[in-house]
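S.K.: Whatever this is, show me its structure:
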Amino acid sequence: MTTSTSSKRTVIDYTTIDPFFNFQLGKVCHNMANTPLEEHTHPNGIEITYFVRGEQVYTIDQTSYTIKSDEMFITFPNELHSSGQHPKDKSLFYYLIIDKDLISKLLFDPLESKHLLDSLLQIENRVFKVSTTLASLFEELLSYSTSSSPYIKTRIHALLNHILLTIAETNQAHISYEDTSMPEVLSYIEQHLDENITLEHLAQIANLSEGRFKTKFRQDIGMPPREYILREKIKRAKELLEDDVLSITDISYMLSFSSSQYFSTVFKRFTSISPLEYRLNLQNAPNL
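M.R.: Below is the predicted model of the structure:
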């Protein structure tokens with residue numbers, strides 16, 4: 001496990017338990033934005049990333065994919081991927097990197113193993129909704145790395161089967177990850193980023209109690225409403241920072257932050273740099 005003030009990471013290599021288990025499972029918590037993820041590949045390995053909370057942009061072949069809470073992202077063997085120019089965002093997620101040769105012999109029936117591997121390699125929607133139970137399954141699999149059970153290899157094998165089958169079957173069910181039942185709420189937020197938006201008012205727009213609204217918003221949008229509002233304010237701030245006439249303080253008050261210091265803190269939390277650094281980067285960027 002590696003820990004810093006901004007991140008906590010746990011990674012288990014299961015070949016240390018048995019060479020047959022050619023896979024790694026990691027759990028990462030970024031408490032604030034970090035430097036972008038560099039471009040890399042996993043030779044012969046499929047990587048499956050599941051987000052518990054937060055948001056992240058990944059890039060494959062110059063195509064960007066945005067992943068939110070309760071969503072999964074998949075990359076294929078030898079496929080270059082990174083977060084592009086986007087920082088590693090404030091988030092909590094698990095990632096599984098598994099050798100495709102292991103999947104080809106993982107199930108009891110060789111034909112079923114082949115079908116499972118083909119199903120994973122043929123996934124078209126790189127980002128898709130999955131069951132929230134996956135977080136507990138990944139956590140259980142992590143706990144097996146320190147278990148003294150005499151049946152631990154059987155438990156790892158069975159749970160890994162269960163996780164991969166759940167992912168394959170969920171994707172085949174064509175669950176849409178773009179669906180939302182709150183267009184009016186999102187539209188209101190977009191049009192009132194210069195105001196102090198309250199959850200009470202948003203709940204009224206959605207015709208729900210505040211408690212039910214917060215639950216449903218997270219289910220539909222993939223993050224709590226307060227975090228979504230802050231993220232949208234930071235997106236607007238980036239646009240305003242392109243105007244050199246506006247000071248950092250001007251922008252902070254235009255977006256209803258209580259102070260320029262708080263605005264800078266939130267901006268850095270989601271971008272890894274301060275508003276001033278972001279503006280300087282824009283000024284120093286080459287004109288294409």
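
S.K.: ranges for the helices of this protein?
M.R.: For the chain, the helices defined by DSSP state H cover 100-103, 110-121, 133-143, 152-172, 183-191, 199-206, 210-221, 225-240, 248-254, 260-271, 275-284.

S.K.: Of all those helices, which one is nearest residue 14?
M.R.: Smallest distance to residue 14 across these (C-beta to C-beta): 6.6 Å, for helix 152-172. The C-beta positions use only the backbone N, C-alpha and C, and glycine is treated the same way.

S.K.: So for the closest one, what gets flagged as buried?
M.R.: 156, 157, 160, 161, 163, 164, 167, 168, 170, 171 (16 or more other C-beta atoms under 10 Å).

S.K.: which residues make contact with stretch 230-249 from outside it?
M.R.: For stretch 230-249, the surrounding residues in contact (C-beta atoms under 8 Å, 6 or more residues apart in numbering) are 55, 189-190, 193, 223, 251, 254-257, 260, 263-264, 266-267, 270-271, 275-276, 278-279, 282-283.

S.K.: can you tell me the average pLDDT over that stretch?
M.R.: What stretch 230-249 shows for mean pLDDT is 94.

S.K.: swap in stretch 255-266?
M.R.: Average pLDDT, stretch 255-266: 95.

S.K.: Check stretch 104-116 too.
M.R.: Rounded mean pLDDT across stretch 104-116 is 94.

S.K.: And for that stretch, what's in contact with it?
M.R.: 103, 117, 157, 160, 161, 164, 165, 168.

S.K.: try 10 Å this time
M.R.: Contact partners of stretch 104-116, identified using C-beta atoms under 10 Å, 6 or more residues apart in numbering, comprise 20-21, 23, 98, 102-103, 117-118, 157, 160-161, 164-165, 167-169.

S.K.: now residue 52: how far from residue 223?
M.R.: 11 Å (C-beta to C-beta, to the nearest Å).

S.K.: try residue 29
M.R.: Distance, residue 29 to residue 223, by C-beta to C-beta: 15 Å.

S.K.: Of these two, which one has the most company?
M.R.: Legend: neighbour count by other C-beta atoms under 10 Å for residue 29 and residue 223, higher for residue 223 (20 against 17).

S.K.: If you drop the residues flanking it in sequence, what lies closest to the more buried one?
M.R.: Once flanking residues are discounted, residue 223 sits nearest to residue 69: 5.4 Å by C-beta to C-beta, 6 or more residues apart in numbering.

S.K.: likewise residue 38?
M.R.: Using C-beta to C-beta, 6+ apart, the closest residue to residue 38 is residue 82 (5.8 Å).

S.K.: Residue 12: what's it in contact with?
M.R.: So residue 12 contacts 1, 21, 23-27, 141-146 (C-beta under 10 Å, 6+ apart).

S.K.: same check, this time on residue 259
M.R.: Contact analysis of residue 259 by C-beta under 10 Å, 6+ apart lists 249, 252, 253, 265.

S.K.: The residues you listed into TSV, with extra columns for neighbour count?
M.R.: Converted to TSV, these look like this (neighbours: other C-beta atoms under 10 Å):
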residue	neighbour count
249	14
252	23
253	15
265	13
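
S.K.: Taking these, tell me the two that lie furthest apart.
M.R.: Maximum distance among these (C-beta to C-beta): 15.2 Å, for 253 and 265.

S.K.: Could you double-check that residue 63 lies in contact with residue 80?
M.R.: No - with contact defined as C-beta atoms under 10 Å, residue 63 does not reach residue 80; the gap is 11.6 Å.

S.K.: just to revisit the earlier point, list the residues that contact both of residue 52 and residue 223?
M.R.: With C-beta under 10 Å, 6+ apart, residue 52 and residue 223 have common neighbours 69, 70, 91.

S.K.: The first one contacts residue 134, doesn't it?
M.R.: What that stands for is residue 69. No - look at residue 69 against residue 134 with C-beta under 10 Å: they stay out of range, at 11.7 Å.

S.K.: and for the two, which residues touch both?
M.R.: 50, 52.
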